[in-house]
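Colleague: the amino acid sequence is not available; the structure is as follows:
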């Protein structure tokens, strides 16, 4: 019965298009709108939809002091991290705003690759999810002019975790907006089990992430930086890349499965990796209530040889995040084969 519910939209549940009406009152019997057919692969059409549906909002929980101007806020600080990586004001990223490369494969769907692009530092890891005031105020403790990262500072660790979370949360809101637009235009999508499954997955993820957002909202407003458990790995050199992620890794350093999902809800890690002038840091945080899931993993990271830890992240980052920022010094040092491999797998240290 539970499995059937996952693949079916019921008459009395809220319509997935977001209208606030029930499915029976809304999209169940509506006909599809005429849509101009595109010759572009579906993946490219979806990417173009994402570009068109970017939301301008301020995700700070108290809107009473928000200003109208929504800025392109940086998930990785422009004036402290990205500038450290840049060369002539540019870095390399997987750029979703650049037309992807379509690679035909015989007898299979074509492979669509987001291309690595050289972009200006003002446009790397940005999203329109904070107003001027709150972007400046919330992240001031880790921005330009602030002291170097202090691994003993609960405030620093909390704000890095919050940044890793809130920018991924924003992406999920955009994904939901695209889904709702597709359903509004083509309600017949809700007759297909695959699309219903996609809708259920997004809804469940946002339900889980909304709970996490409530936790962060309280801490950010009250400046209460408790409630997280954090593992910090210090690297005694300035690395040539940075990244952030809100993910649940599936295996620990010994290849043992990490059981991070219960009743469909995923307990995620908030990860930031970045260089400073003479050293670099890997910061992993989880909610205190989830430390039982990640305690052994954190202990492994703290006690394992640093080269093995770096190798572990070298393997998982391409699979779990596309938020990597590369220094031109690193990208241009690689040969063509390594550059192609990085582009294909989504990133690598």
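Modeller: Perfect, thanks for sending it. Note that the coordinates shown come from a computational prediction; the quantities given were computed from them, not determined experimentally.
Colleague: between the two ends of stretch 184-191, how far is it?
Modeller: This stretch, stretch 184-191, spans 13 Å end to end (C-alpha to C-alpha, to the nearest Å).
Colleague: with stretch 326-344 instead?
Modeller: Note: stretch 326-344 ends 15 Å apart using C-alpha to C-alpha.
Colleague: mind listing what's buried in that stretch?
Modeller: By 16 or more other C-beta atoms under 10 Å, the buried positions in stretch 326-344 come out as 326-328, 330-331, 342-343. Every residue, glycine included, has its C-beta placed from N, CA and C.
Colleague: not counting its own residues, what contacts that stretch?
Modeller: Residues outside stretch 326-344 that contact it (C-beta atoms under 8 Å, 6 or more residues apart in numbering): 85-88, 90-94, 113-116, 118, 240-241, 318, 348.
Colleague: which of the helices or strands spans residue 20?
Modeller: If you go by DSSP states H and E, residue 20 is not part of any helix or strand.
Colleague: which of the buried residues of stretch 326-344 sits closest to residue 7?
Modeller: residue 343 (34.9 Å; C-beta to C-beta).
Colleague: what's the spacing between the helix or strand containing that closest one and its chain's center?
Modeller: In this assignment (DSSP H and E), residue 343 forms part of helix 336-345. Between the centre of helix 336-345 and the centre of its chain there are 21 Å (C-alpha atoms, centre = their mean, to the nearest Å).
Colleague: list the buried ones in the helix or strand where residue 210 lies?
Modeller: In this structure, residue 210 is located in helix 193-222 according to DSSP H and E. For helix 193-222, the neighbour count (16+ other C-beta under 10 Å) marks 195-196, 198-200, 202, 205-206, 208-209, 212-213, 215-217, 219-220 as buried.
Colleague: check stretch 17-25 too.
Modeller: Across stretch 17-25, burial judged by 16+ other C-beta under 10 Å covers 17, 23.
Colleague: again with stretch 234-249
Modeller: For stretch 234-249, by 16+ other C-beta under 10 Å, it's 235, 239-249.
Colleague: by how many degrees do whichever strand or helix holds residue 317 and helix 336-345 diverge?
Modeller: Here residue 317 sits within helix 306-320, counting by DSSP H and E. Calculated by axes from the mean of the first three to the mean of the last three C-alpha atoms, to 10 degrees, helix 306-320 forms an angle of 60 degrees with helix 336-345.
Colleague: next, the buried residues of helix 306-320.
Modeller: 309-310, 312-313, 316-318, 320.
Colleague: what packs against it?
Modeller: Applying 3 or more C-beta pairs under 8 Å, 6 or more residues apart in numbering; DSSP states H and E, we find helix 306-320 packed against strand 228-235, strand 241-247, helix 336-345.
Colleague: the ones you listed: which one's closest to residue 180?
Modeller: Of all these, strand 241-247 sits nearest to residue 180, with 22.1 Å by C-beta to C-beta.
Colleague: elements contacting that closest one?
Modeller: helix 83-85, helix 154-185, strand 269-275, helix 306-320, strand 325-326.
Colleague: identify whichever of the ones you listed lies nearest to residue 49.
Modeller: helix 154-185 (4.8 Å).
Colleague: flag the shaky bits of the stretch 1-150 of the chain, pLDDT-wise.
Modeller: Under the criterion pLDDT under 70, the flagged ranges of the stretch 1-150 of the chain are 1-5, 38-47, 96-113.
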